[in-house]
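1. Below: sequence and its predicted model.
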Amino acid sequence: MSQPQWADDIEPLREIFLTDQRPANDFDLAGLSEMFGRPLTDQDTFTIPAVIAAPEPPPEPCPPVVCICGSMQFEDQLRAVAARETLEHWGGQGALVFMPQVNMGNMSHGNIPSHKTANYVKNKLDRLHRFMIDLCDEVVVVCPKVKGVPYIGKSVQAEIEYAKAMGKPIRYVN
C-alpha cells in the first residue's frame, strides 16, 4: 500500500503513519459517500491513515543557576569567575549566572537620588542579592587572598549565612 500523498509533508513533523482497517458502518457514510463520489455500503472496507505523533525527545535540561557572591572591591575577579561559570560550568554546557551589578564603591553621590541615602540603596541591593540566592542552585563565593588570607567581608559573610540557611551548596574560589 502506498502512503497518502500528504505523507511526505507530514514526515518532517516527526509523524508516524499507521493503518486501521474498519468497516464502513463505523464512519459517517453520507460524508464518505460524498467524498468518494459514490454510494457506500456497510460492506465497504477502508484503510484509514491514523496519525500518531512520535514521542518528542526529552527537553534539554535547564542549565544550573549560579549566584556569585563576593566583595565588589574585587569586581574584576567576580566578573572573571562569572565568565568562567557561564562558559565552563556543568561539563562545559555553561550555567546561568547571577551576580551583583552595582558597585557602591564606584558610585558618586550624583548617582544616588537625593531622597535616598547610600544606606537605603545598599540595603535594597542586599535584598536583591538575597533574591538571587533564592533563585540559584549553587552559590559561588569569590574570596581573593589579601595578605595571604581569603577575604570575606561582613556583607559576603551575611550572604553565606543566608545561603546556608536556605540549604544552598556553597563553593569557594579565589
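-> Right, received. Where do you want to start?

2. Any stretches of this protein with poor pLDDT?
-> The model of the chain has pLDDT under 70 over residues 1-36, 40-55, 90-91, 107-116.

3. okay, the longest helix along it in PDB with CA atoms only?
-> Counting by DSSP state H, the longest helix found in the chain is helix 118-135. Extracted as PDB, the C-alpha positions of helix 118-135 are listed here (Å, rounded to 0.1, in the frame of the first residue of the first chain):
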ATOM      1  CA  ALA A 118      23.600  55.300  50.500                       C
ATOM      2  CA  ASN A 119      22.400  53.000  53.300                       C
ATOM      3  CA  TYR A 120      19.000  52.700  51.800                       C
ATOM      4  CA  VAL A 121      20.500  51.800  48.400                       C
ATOM      5  CA  LYS A 122      22.900  49.300  50.000                       C
ATOM      6  CA  ASN A 123      20.000  47.600  51.900                       C
ATOM      7  CA  LYS A 124      18.000  47.400  48.700                       C
ATOM      8  CA  LEU A 125      20.900  45.800  46.800                       C
ATOM      9  CA  ASP A 126      21.500  43.300  49.600                       C
ATOM     10  CA  ARG A 127      17.800  42.400  49.400                       C
ATOM     11  CA  LEU A 128      18.100  41.900  45.700                       C
ATOM     12  CA  HIS A 129      21.100  39.700  46.200                       C
ATOM     13  CA  ARG A 130      19.200  37.500  48.600                       C
ATOM     14  CA  PHE A 131      16.600  37.000  45.900                       C
ATOM     15  CA  MET A 132      19.400  35.900  43.600                       C
ATOM     16  CA  ILE A 133      20.500  33.400  46.200                       C
ATOM     17  CA  ASP A 134      16.900  32.200  46.500                       C
ATOM     18  CA  LEU A 135      16.700  31.500  42.700                       C
END
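
4. Show me which parts of it are buried, residue by residue.
-> When burial is assessed from 16 or more other C-beta atoms under 10 Å, helix 118-135 yields the following buried residues: Val121, Leu125, His129, Arg130, Met132, Ile133. (Each C-beta comes from the backbone N, C-alpha and C, glycine too.)

5. Please apply the same query to stretch 77-84.
-> Gln77, Leu78, Val81, Ala82.

6. need the contact list for the second one.
-> Okay, so that is Leu78. By C-beta atoms under 8 Å, 6 or more residues apart in numbering, Leu78 lies in contact with Ile68, Gly70, Met72, Met99, Pro100, Val142.

7. cutoff 6 Å now
-> Ile68, Gly70, Met99, Val142 (C-beta atoms under 6 Å, 6 or more residues apart in numbering).

8. now swap in the first one and tell me
-> With contacts defined as C-beta under 6 Å, 6+ apart, Gln77 is in contact with Val142, Pro144.

9. all numbers from here: first residue = 34
-> From this message on, residue numbering opens at 34, which makes the last subject Gln110.
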